[in-house]
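Colleague: fold the stuff below for me.
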Amino acid sequence: MPFLGKPETEEKIAVPPLQALVVGSTDVLVVGGGPAGIGAALGASRAGANVVLAERYGFLGGASTVGLVIPFMSAHTQEYEFRKPGIKDLYPSDHGEGTRVIDGVLLELVNRLVKEGGAIEPSEHTGYVMPFDPEIMKITLQKMLDESGVEILLHSTAFAFEREQDYSTVFFHSKSGPLAIRARCIVDCTGDGDVAALAGAPYKIGREGDRLVQPMTLYFRMVGFERPAFEEYVRKHPEQWYGVFGLWDLIERATAEGNLELPREDLLMFATAHDSEVSVNSTRVYGLGVDTFDLTSGELESRKQAHGVSEFLKSYVPGFENSYLVQSGVQICVRETRRILGEYVLTGQDVMEAANFDDVIARCSYPIDIHNPKGRGTRIERLPPGEAYDIPLRCLKPLGCDDILTAGRCISGTHEAHASYRIMPAAMATGQAAGVCAALASWAGKVSQVRTADVQSVLLKQGANLG
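Modeller: Here you go, the predicted structure:
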């Protein structure tokens with residue numbers, strides 16, 4: 001049997017018996033320190049709960065820092081369609097004077113990052129996205145949690161769940177051996193819905209029919225970028241650049257000369273908080289992000305692709321002659337895995353019709369953005385100008401689990417709806433709502449005993465936007 005690759009047999013052996021060290025008990029346990037987990041921890045703590053946040057890496061931020069997903073995508077409504085071909089400082093240009101639909105913790109984070117010189121404030125100039133510095137993001141998030149009294153446990157990966165009468169326990173792998181944390185309510189912010197799945201919640205993966213998921217991407221940063229030279233090239237060749245996509249003739253020439261194998265249909269770059277740097281999102285690999293073997297092959301393949309794209313930029317694209325790849329993500333970024341089934345399943349129709357719900361706890365206006373699960377191509381479907389849709393609290397309540405809430409990209413929705421709400425600003429908003437609900441549930445006894453109106457009331461006091 002080969003070491004790498006999915007095993008050909010079902011052979012299993014017993015694991016030696018283990019005992020877990022009980023770290024302690026808390027009102028709310030948040031598992032995952034990405035945007036959803038930050039929102040959940042702050043939402044719960046500011047609602048008055050004792051909160052522990054457990055994260056598998058040695059720093060906070062999730063996709064924004066682990067994966068280098070720069071920038072935050074727009075939290076504003078779209079006012080008109082994509083502009084004609086042309087460059088506007090490498091920012092997306094599909095928004096006019098949009099109205100912000102996500103506030104709360106996200107808005108606080110944006111303001112703090114801008115004040116620290118770690119981000120460019122969202123505006124029409126940036127297409128209402130927010131380029132940021134991942135290192136300043138790490139320390140800013142840590143400060144926000146420290147100020148709110150959230151206890152943090154790093155280097156801990158959830159692997160088991162046990163439900164008791166008064167508490168539920170999540171078990172973590174760590175360098176100190178197995179650890180156990182008891183909590184009255186748990187918020188699953190793992191992205192993959194790991195804790196909810198361990199607790200027996202039903203879930204779906206991929207699109208209907210073939211269960212294929214959106215591809216994974218390894219992001220990377222190029223420094224030494226000379227913006228004036230690049231902008232001059234684009235001015236002379238406007239047909240080669242459309243928003244943040246382009247360089248088609250250069251890609252075609254490099255491909256014909258055997259110097260580039262681009263896995264997607266175009267080259268996608270974003271400006272960052274630094275003028276001589278760009279973030280590149282042009283690798284693409286296929287496989288399931290909760291499968292160790294798919295992740296292994298994806299990591300290996302995507303780093304080859306990143307090297308190829310960076311060499312193309314240096315060799316073919318004006319403004320990149322003296323640039324170099326300074327950093328790639330700690331881990332490949334996963335767009336889609338489990339979607340935990342909740343009391344309501346948000347649909348693509350809900351998104352496109354800008355649906356409203358009585359139990360709204362967050363809003364989003366990002367398009368349905370589906371990277372082809374089988375090859376090249378990206379499907380974009382935008383909401384009507386000026387519109388946003390509601391995300392109901394029921395999407396955060398896993399079926400059969402009255403002690404768990406979900407937040408981020410693993411909440412209850414279809415493949416199409418997920419392709420909109422999977423972005424980090426929406427994850428932070430659903431996280432804040434889940435955290436507030438978890439705090440109330442830790443005192444009420446069960447999630448089902450929490451009144452929606454009470455969750456909404458606390459969220460409004462915390463500055464959330466419920467329309």
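Colleague: burial count for D350?
Modeller: For D350, the neighbour count with other CB atoms under 10 Å is 23. (Each C-beta comes from the backbone N, C-alpha and C, glycine too.)
Colleague: please tell me how far it sits from I391.
Modeller: 9 Å (CB to CB, to the nearest Å).
Colleague: okay but Q305 is in contact with G298, surely?
Modeller: No. Counting by CB atoms under 8 Å, Q305 does not reach G298; the two are 10.2 Å apart.
Colleague: which residues are in contact with each of these two?
Modeller: V285 (CB atoms under 8 Å, 6 or more residues apart in numbering).
Colleague: between the two, which one's more packed in?
Modeller: Using other CB under 10 Å, the more surrounded residue of Q305 and G298 is G298, with 26 against 21.
Colleague: wasn't that one part of a helix?
Modeller: Yes. Counting by DSSP: H, G, I helix; E, B strand; the rest coil, G298 is found in a helix.
Colleague: who's the nearest residue to it once chain neighbours are set aside bridged to?
Modeller: Residue nearest to G298 in three dimensions, not counting chain neighbours: V285, with 4.4 Å by CB to CB, 6 or more residues apart in numbering. With DSSP bridges as the criterion, V285 is bridged to M216.
Colleague: M137 is in contact with G118, isn't it?
Modeller: Yes. Between M137 and G118 there is a contact at 6.5 Å, judged by CB under 8 Å.
Colleague: sec struct for V52, please.
Modeller: Look at V52: counting by three-state DSSP, its state is strand.
Colleague: who touches it in this structure?
Modeller: Per CB under 8 Å, 6+ apart, neighbours of V52: 23-24, 26, 28-30, 150-153, 181, 183.
Colleague: ok, now L53?
Modeller: 29-31, 33, 37, 40-41, 145, 150-153.
Colleague: got a winner among those residues for most neighbours?
Modeller: Result: A40 is most packed of the contacts of L53 (other CB under 10 Å), 42 neighbours.
Colleague: identify the residue spatially nearest to that one, adjacent ones excluded.
Modeller: Spatial nearest neighbour of A40, excluding adjacent residues (CB to CB, 6+ apart): G435 at 3.6 Å.
Colleague: next structured bit after the helix or strand where that neighbour lies?
Modeller: Assigned by DSSP states H and E, G435 falls within helix 424-444. The helix or strand immediately downstream of helix 424-444 is helix 452-461, counting by DSSP H and E.
Colleague: so what's the gap between that next one and the chain middle?
Modeller: 24 Å (CA atoms, centre = their mean, to the nearest Å).
Colleague: over to stretch 155-163?
Modeller: That offset, for stretch 155-163, works out to 21 Å (CA atoms, centre = their mean).
Colleague: report the mean per-residue pLDDT for that stretch.
Modeller: Computed over stretch 155-163, the mean pLDDT rounds to 97.
Colleague: swap in stretch 50-69?
Modeller: Taken as a whole, stretch 50-69 carries a mean pLDDT of 98.
Colleague: start and end of it, how far apart?
Modeller: Taking CA to CA, to the nearest Å as the measure, stretch 50-69 stretches 30 Å from start to finish.
Colleague: could I get the buried residue list for that stretch?
Modeller: 50-57, 59-69 (16 or more other CB atoms under 10 Å).
Colleague: mind listing which of those residues are in helices?
Modeller: Using DSSP state H, the subset of the buried residues of stretch 50-69 located in helices is empty.
Colleague: now stretch 20-28, how far from the centre of its chain.
Modeller: Centroid separation for stretch 20-28 versus its chain: 27 Å, with CA atoms, centre = their mean.
Colleague: should've said stretch 317-337
Modeller: 17 Å.
Colleague: next one: stretch 313-322
Modeller: The answer for stretch 313-322 is 30 Å, by CA atoms, centre = their mean.
Colleague: over to stretch 185-202?
Modeller: For stretch 185-202 - counting by CA atoms, centre = their mean - the centre lies 16 Å from the chain centre.
Colleague: so what's A254 up against?
Modeller: A254 neighbours (CB under 8 Å, 6+ apart): 260, 312, 315-316.
Colleague: are any of those buried, and which?
Modeller: 260, 312, 316.
Colleague: tell me, how many residues neighbour E239?
Modeller: E239: 11 neighbours (other CB under 10 Å).
Colleague: for it, phi and psi?
Modeller: Backbone geometry at E239, expressed as degrees, to the nearest 10, gives phi -70, psi -10.
Colleague: show the pLDDT at it.
Modeller: Per-residue pLDDT puts E239 at 83.
Colleague: show me where the stretch 151-300 of the chain has helices.
Modeller: Shown for the stretch 151-300 of the chain, the helices assigned by DSSP state H, counting those that start in this stretch span residues 194-198, 227-236, 248-256, 292-316.
Colleague: give me the contacts around the first one.
Modeller: Where contact means CB under 8 Å, 6+ apart, the residues beyond helix 194-198 that reach it are 31, 158-161, 170, 186, 188, 203, 290, 338, 340, 398, 401, 404, 406, 410.
Colleague: out of those residues, which end up buried?
Modeller: Among the contacts of helix 194-198, those buried by neighbour count (16+ other CB under 10 Å) are 31, 158, 160-161, 170, 186, 188, 203, 290, 338, 340, 398, 401, 404, 406, 410.
Colleague: got the domain ranges for this structure?
Modeller: 21-65+133-210+336-372+385-461, 220-328 (automatic domain parsing).
Colleague: measure the longest one end to end?
Modeller: End-to-end distance for domain 21-65+133-210+336-372+385-461, by CA to CA: 38 Å.
Colleague: any idea how far that domain is from the chain center?
Modeller: With CA atoms, centre = their mean as the basis, domain 21-65+133-210+336-372+385-461 stands 12 Å off its chain's centre.
Colleague: cool, stretch 378-397 as well?
Modeller: Put simply, stretch 378-397 sits 16 Å off its chain's centre (CA atoms, centre = their mean).
Colleague: and E343, how many neighbours does it have?
Modeller: 15.
Colleague: now A417
Modeller: A417, neighbours per other CB under 10 Å, totals 26.
Colleague: same check, this time on D454
Modeller: Quick note: D454 (other CB under 10 Å) scores 14 neighbours.
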